[in-house]
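> Provide a 3D model corresponding to the input given below.
(one chain, ligands or ions: 2)
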Amino acid sequence: MNNQIEDLLNDNRIKIPKHIAIVCDGNGRWAKSKGLPRSFGHKAGTKPIENITKHCSELGVEVLTFYVFSTENWNRSYEEVNFLMKLFIEFFIKLGNKAEKNIKVRHIGAIDNLSSELISEIKKTEDLTKNNSGMILNIALNYGSRSEIANAAKNLMHNIDTENFNVDQINEELISDYMFTSKLPDVDLIIRTSGEMRISNFLLWQSAKAKLWFTNDLWPDFKYDHLKNAIKYYNEICL
Ligand code: IPE
Ligand code: MG
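Ligands and ions are numbered 1, 2, ... in the order given. Okay, here's the model as predicted:
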């Protein structure tokens, strides 16, 4: 555990958010600024995901969600999508190998359109880490919030006959149970990098009460200090 984290943990004014959700943005611009192909930015972007996962777990965050690929991202070039999918396969294998770190890894998003190889690595990693009792790490890949809500509504209606509830019993809690994030705490803090101030169809239901923190810095440059500032902002402490 690094000293900085101890600073934050020992500061009794600080409340650690239960659920932090991060929109990792700016990989392409990071690469371009260095005269490199976009793929280098995506590769570089995996490092802060690993580091921030470790820091959040040490801080006692209960759930950390990274938005790594939206349903809209399929519109990118074939080469870029192909590169990203290969990168995700490597990424899930690596997460699975770290199963001993006590982090429970879960995929949120649709399975359709993902390759059988990627689906298989996702399942293996989820399986390897399913008994871990520490932080839950959600990887939002092929995720879209409106489609999640539409599916929840569809599944709710399908289950009316079998699950013993009627239309009048539909409430917020029941709808939450039909989301990918069923039984998890709502999002407290959303972080987005690269100066973009948009929600981009991310956890719309779960973020109803979330605080938003933005930085102009690009995702591959995201460091512990950014996380710390976001958590301080969440606590409304002047920087
Ligand atoms: C985020 O970086 C990574 C993914 C969406 C996969 P971008 O690829 O959106 O990078 P910019 O926004 O073009 O710089
Ligand atoms: Mg972007």
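> Next, the contact list for whichever residue of the chain sits closest to ligand 1, please.
Nearest to ligand 1 in the chain, going by C-beta to the nearest ligand atom, is residue 28, at a distance of 2.8 Å. Every C-beta, even on glycine, is put in place using the N, C-alpha and C of the backbone. By C-beta atoms under 8 Å, 6 or more residues apart in numbering, the residues touching residue 28 are 38, 41-42.
> Which stretches in the protein count as strands?
Along the chain, counting by DSSP state E, strands occupy 19-23, 63-70, 104-108, 136-143, 189-192, 211-214.
> Adding distance to residue 48, write these out as TSV.
Below are those laid out as TSV (distance: least, C-beta to C-beta, whole Å):
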stretch	distance to residue 48
strand 19-23	9
strand 63-70	10
strand 104-108	17
strand 136-143	14
strand 189-192	11
strand 211-214	15
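> Throw those into CSV and include mean neighbour count and mean pLDDT, thanks.
CSV is the format used below for the strands of the chain (neighbours: other C-beta atoms under 10 Å; pLDDT from 0 to 100):
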stretch, mean neighbour count, mean pLDDT
strand 19-23, 25, 98
strand 63-70, 23, 98
strand 104-108, 21, 98
strand 136-143, 24, 98
strand 189-192, 24, 98
strand 211-214, 17, 98
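> What is the longest helix along the chain packed up against?
Longest helix in the chain by number of residues, with DSSP state H as the criterion: helix 78-97. Using 3 or more C-beta pairs under 8 Å, 6 or more residues apart in numbering; DSSP states H and E, the elements in contact with helix 78-97 are helix 38-44, helix 46-59, strand 63-70, strand 104-108, helix 116-129, strand 136-143.
> one more time with 7 Å
helix 38-44, helix 116-129 (3 or more C-beta pairs under 7 Å, 6 or more residues apart in numbering; DSSP states H and E).
> deepest of those helices, which one?
For the helices and strands packed on helix 78-97, average neighbour numbers computed from mean count of other C-beta atoms under 10 Å are highest in helix 38-44, which has a mean of 19.
> elements contacting it?
In terms of contacts (3+ C-beta pairs under 7 Å, 6+ apart), helix 38-44 is packed against helix 27-33, helix 78-97.
> Which of the ones you listed has the highest mean neighbour count?
Stretch with highest mean neighbour count among the helices and strands packed on helix 38-44: helix 27-33 (a mean of 19; mean count of other C-beta under 10 Å).
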